[in-house]
Structure formats: C-alpha cells, structure tokens
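1. Kindly generate the corresponding structure for this input.
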Amino acid sequence: MMNQAKGPIWHKKQKDKGIIPKGLRGVDKEATWCKSHADGWVYGHGSFSMTSHRNPVLGCFIWMKNSGNEAKRMWHETFNLKGIVDFVSMDSKADSYPLFREFRRQRSMTLVTSSRRKQNKNKNRIEMHRLMKTPKLKQIYKERSCRVEPMQGLIKDIFDLDRCWMRGNSSNRWLFAAMGIAVQMHQLTAFKEKRSTWKIKAEVLG
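-> Residues are numbered from 1 along each chain as shown. So this is what the prediction gives:
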C-alpha cells in the first residue's frame, strides 16, 4: 500500500537532481515515487502487510520504501513460517519461477500468484502457469480480494493513512510497526471473544 508523504510533493525531476525549489518547505526528503493501478503516481512511503486467509487477522504491517520490491519482502517475512503455512499468495509482482521454486524447496510452501502467460517461454514457466489455473489455487488467489486487500483498507481507515503522519524513513518505520501491533492486539481480543476482527476501530482508537 502506498501512502502519500507528509508535506508538499517533491517532483521527481527535481528530486533526482537534489533541487528543492524556493518556498517548498517541510518536504520529506526520504520519500520515494511509485505508481500503482489504483492510486497512480504517489510520492510517499510504502507499507507491507500480510494477512491470514483462514482467519481475517493481520500478520504484519511494516514500513517499506514506496518503490520497494514486495515479492522480496514477502520472501524475507515468511522465513519463520515454515511448517505453519502451506500457501502464500501475492499478485503478479510475485510472478517469478525462481521465487516459486525456492518457496517450495526452502519453505515447503506453494506460491500462489497471477501468472503472466506471455512469460511462459520454458517448461518450468508453463508448468507453473498450469498449476496456477487449478481450481484450488484459483480459489486461494481469489480470496485475496476479500481477505488481504480489505485488511490494508481497514488500517488505512483506522489511522487515516491517506497521508503519512511523519516525515522520514525511520519515523515512519516505527510508527507503521506500532499501528500494526495495535491492530493485532485488538484483533486477537476480538478473535478470542468470537467477535468480528474487522470491527475494531473504536477499540484501537480508545
């Protein structure tokens, strides 16, 4: 998820040259540019989250560069889930046969993603694409729309994250982590009490 930086926008051509125009005060110098289908170009900070499919609870919510590689981040964040998780799902940013292979080899997990047919130029890619089209994996991938994506929206709504609260990487790193922990704590309470893990905004905000 991309979050707009606090303060004014530092246009890319000027940022690349290290030029801050006169009168542009309070700019976040460490924010980065990134583009998504949903938000277009955003100057700010990215957030990475993981969500359980079986039970709609937040696995982690952490800062990352707006232009960071989400698939690599997912690889690092799942190192301690071997033997606990059988499938990991991500959009086409994770469409990589080497990543698919290493999840199986090192983690005993199946990577579920949106496989791009045009990339299928060898037998390994063709087999990976075929596997993604099986009913079971298609269902797992479909669940992202009602499990993972809404969870990011929940966090954004609770903390009004259309714009970052603070400037800089280090400040947003600890702040995003604190937001994630707050949501996890209240979702755990709701889960134990057999309440909806989505309706926690009032509890989080006190």
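2. Just give me the neighbour total for the residue nearest to residue 157 when sequence neighbours are not counted.
-> Using C-beta to C-beta, 6 or more residues apart in numbering and skipping the chain neighbours, the partner closest in space to residue 157 is residue 201 (6.9 Å). Just so you know, the C-beta spots here come from the backbone N, C-alpha and C atoms, and that holds for glycine as well. Counted by other C-beta atoms under 10 Å, the residues lying close to residue 201 total 13.
3. cool, and residue 57?
-> Residue 57 has 17 neighbouring residues, counting by other C-beta under 10 Å.
4. Look up which helix or strand the nearest residue to it once chain neighbours are set aside falls in, please.
-> Nearest residue to residue 57 in three dimensions, chain neighbours excluded: residue 187, at 4.7 Å (C-beta to C-beta, 6+ apart). Remark: residue 187 resides in helix 169-192, with elements defined by DSSP states H and E.
5. Which SSE is immediately downstream of that helix?
-> helix 201-205.
6. Give me the residues contacting that following helix.
-> By C-beta atoms under 8 Å, 6 or more residues apart in numbering, the residues outside helix 201-205 that reach it are 154, 157, 158, 182, 183, 186, 189, 190.
7. Quick one: which of these is the most crowded by neighbours?
-> residue 183 leads the contacts of helix 201-205 on contacts (other C-beta under 10 Å) with 24 neighbours.
8. Give me the phi and psi for the closest residue to it other than its chain neighbours.
-> Closest residue to residue 183 apart from its sequence neighbours, by C-beta to C-beta, 6+ apart: residue 58 at 5.1 Å. Per-residue torsions, residue 58: phi -80, psi 130 (degrees, to the nearest 10).
9. what's around residue 58, how many residues?
-> Residue 58 is flanked by 24 other residues according to other C-beta under 10 Å.
10. Hmm, residue 185 and it touching each other?
-> No - using C-beta atoms under 8 Å, residue 58 makes no contact with residue 185, being 10.1 Å away.
11. So for the residue nearest to residue 157, what's the pLDDT?
-> pLDDT, residue 201: 95.
12. for the one 4 residues further on, same thing?
-> The score at residue 205 is 91. That number is its pLDDT.
13. And it, how close does it get to residue 177?
-> Going from residue 205 to residue 177 by C-beta to C-beta, to the nearest Å gives 18 Å.
14. These two: who's more crowded?
-> Ranked by neighbour count (other C-beta under 10 Å), residue 205 and residue 177 place residue 177 first, with 14 against 10.
15. List the residues that contact that one.
-> With C-beta under 8 Å, 6+ apart, residue 177 has these contacts: 61, 62, 63.
16. same thing with residue 179?
-> Residue 179 neighbours (C-beta under 8 Å, 6+ apart): 61, 155, 158, 159, 161.
17. closest to residue 7 among those?
-> residue 161 (15.2 Å; C-beta to C-beta).
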